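Peer 1: Next one to model:
(3 chains)
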Amino acid sequence: MGLGKGKPRRRLEREFFERDPVTCARELIGVEFRWGDCAGVVVETEAYAEIGDEACHTFFRPSAREFVEAHPAGTAYVHLNYGMYWLTNVLVKDPETGNRGFVLLRALEPSAGIERMRARRARDRLKDLCSGPGKLSMALGITGQDHGLSLVDPGRGARRGASISRGFHVDPSRSPARVETDRRVGISRSRDLAWRFLAAGNPHVSVGPGKVR
DNA sequence: AAGAAGATCAAT
DNA sequence: TTGATCTTCTTG
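Peer 2: Residues are numbered from 1 along each chain as shown, chains lettered A, B, ... in the order given. Okay, here's the model as predicted:
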């Protein structure tokens, strides 16, 4: 469906994810995320930090701490939430400062493979396809099978036969996105950290800014 | 062995 | 506002 046939695109390399999670989360806004024959522009993210953030899985899950140790920056961290929905993250590790954590993908504006997304989601309206972390994982077909896959080494990772077009792509000539900052959604600890980032005014987000208590 | 909590979603 | 659904971790 025309993927890769538009403007020139550059894949984000591992170095992009070798920084602190908050910076990464902010700078992923406006970047295209491709997954096989589907893609969307990232319009909402959240940062989670290994240290000093009680909402991060590393705070209460030993297995998450082991995952951080065992994998390089740019690895997919996919987990099942509430027994029903897969949530997609990217592992971030800054080798300079030692800052480590995750960026949660919370919403995309669909840009390719839309019919496929509609079928997976059983929804028609564009805004219902990827406007939440569980929704976007479902729309793209991301599951626990993809936990541990590299998003920066195409063709390598846990799942055999995966598409080579998995990962983040930018148009180098694009103007920087206008980004809004807000508190994170659905957490009970470390509520006060303003580590959620949104494409300003974009209708494809999960929850608009200012609506998180 | 059992219980609780959890980065959600859709229907009521 | 509530029910669905299940893995990880903690406690006994």
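Peer 1: Report the distance from stretch A:20-38 to the chain centre.
Peer 2: How far stretch A:20-38 lies from its chain's middle: 6 Å, per C-alpha atoms, centre = their mean, to the nearest Å.
Peer 1: doesn't residue A:154 make contact with residue A:74?
Peer 2: No - using C-beta atoms under 8 Å, residue A:74 makes no contact with residue A:154, being 10.9 Å away. For every residue, glycine as well, the C-beta is placed using N, CA and C.
Peer 1: who's more crowded, these two?
Peer 2: Counting neighbours by other C-beta atoms under 10 Å for residue A:74 and for residue A:154 shows that residue A:74 has the greater number, 23 against 14.
Peer 1: give the contact list for the more buried one.
Peer 2: A:13, A:14, A:16, A:17, A:90, A:91, A:150, A:151, A:152, A:153 (C-beta atoms under 8 Å, 6 or more residues apart in numbering).
Peer 1: Dig out what the fifth one forms beta bridges with.
Peer 2: When bridges are taken as DSSP bridges, the partners of residue A:90 come out as residue A:76, residue A:103.
Peer 1: residues near it, how many?
Peer 2: 27.
Peer 1: residues in chain A within reach of DNA strand B, list them.
Peer 2: A:46, A:48, A:55-57, A:64, A:77, A:79-85, A:87, A:89, A:102, A:104, A:121, A:123, A:128, A:132-136, A:184-189, A:206 (C-beta under 7 Å from any atom of the strand).
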